[in-house]
Each structure stands twice: as C-alpha cells, then as structure tokens.
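[1] Sequence first, predicted model second:
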Amino acid sequence: MDIVLEAPVGNKVGFLRQRKFCCSPRFELLDAHDRPIFDIQGPCCCKMIQCPCGCTGDVDLDIIDSKSKEKVGAYTKQWSGVVKEWFTKADNFSVQFPMDLDVNLKAALIAGFFLIEVMFFDYNGGGN
C-alpha cells in the first residue's frame, strides 16, 4: 500500500509504502520522485500493544537511511504510566530526525508518522 504525502495539499513531498511483514511493521519512505530515502522498522507487534498492567515501556520505530543502512532517527511512543495510558486518550510521541534534513523530507516523516500512529497505536483498548 502506498500513501501520497502532501504538504500543503497538492504539493507532493513523498510516499509512504507499507512493506509486507510478519511480526514487525516495516515501511519505506520515498521522496517526491519515488526514490527510497528511509526504511522505518518497528519492534515485534507484541511489544506495540500497550498492556494496562504497566509492564510495557516506550515503543520505538527506527528510521534507517536507505543507502547507508544506519539509524538516523526514530518515532517513539512514550510510556506515560498505567493511569494515563489506561484511563485517558492522551498519548506522548516524539519524532527524531537529522537537523540538516530537507524540509520536504521532514514534512514527509511527520506526515508518515500520523499514518503509523493511527495504524498501530490508535485503538480502543481499556478506557480509550
């Protein structure tokens, strides 16, 4: 599945492509010219499910440079504790990427993050 990322609407800044995966989510971020820029790799799906008992911690999805294969950033869902996680709809996230990255690729990473957030963290568990 490919999603076109636009910022603002009508100005294509990239694509987010979901790659087939068995246990851990994988995505490829492509620039506006369909060239691979980053691979986004998550942990095992079991770790992405937030347990209400408080036994979980932060969940990181690594942002990896497609050419060098080095980690250059991360999407992180920050664990906020049992009470906040179970009884509120509030979540804390962070996105890390290189400071010198092109502004269009920064926009594409942030836009892609919202899609990943909805796909993997926006669920109706517990009081949410």
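    Nice, I can see it.
[2] pLDDT below threshold where in the chain?
    Counting by pLDDT under 70, the ranges of the chain that qualify are 45-56, 123-128.
[3] does the residue nearest the centre of it sit in a helix, a strand or a coil?
    Against the mean C-alpha coordinate of the chain, by Cα atoms, centre = their mean, the closest residue is residue 113 at 4.1 Å. Here residue 113 is helix, with the state taken from DSSP: H, G, I helix; E, B strand; the rest coil.
[4] List the beta-bridge partners for residue 17.
    Partner residues in beta bridges with residue 17, using DSSP bridges, are residue 2, residue 28.
[5] isn't it right up against residue 26?
    No - if you go by Cβ atoms under 8 Å, residue 17 and residue 26 don't touch, sitting 9.4 Å apart. C-beta here means a position set from N, CA and C on the backbone, and glycine is covered the same way.
[6] mind listing what the residue nearest to the centre of the chain touches?
    The contact partners of residue 113, taken as Cβ atoms under 8 Å, 6 or more residues apart in numbering, are 75, 93, 95.
[7] Could you pick out the buried ones from those?
    residue 75 (16 or more other Cβ atoms under 10 Å).
[8] Please name the nearest non-neighbouring residue to residue 64.
    Once flanking residues are discounted, residue 64 sits nearest to residue 39: 4.5 Å by Cβ to Cβ, 6 or more residues apart in numbering.
[9] Make sure I have this right: the one you found is in a strand.
    Yes - with three-state DSSP as the criterion, residue 39 is part of a strand.
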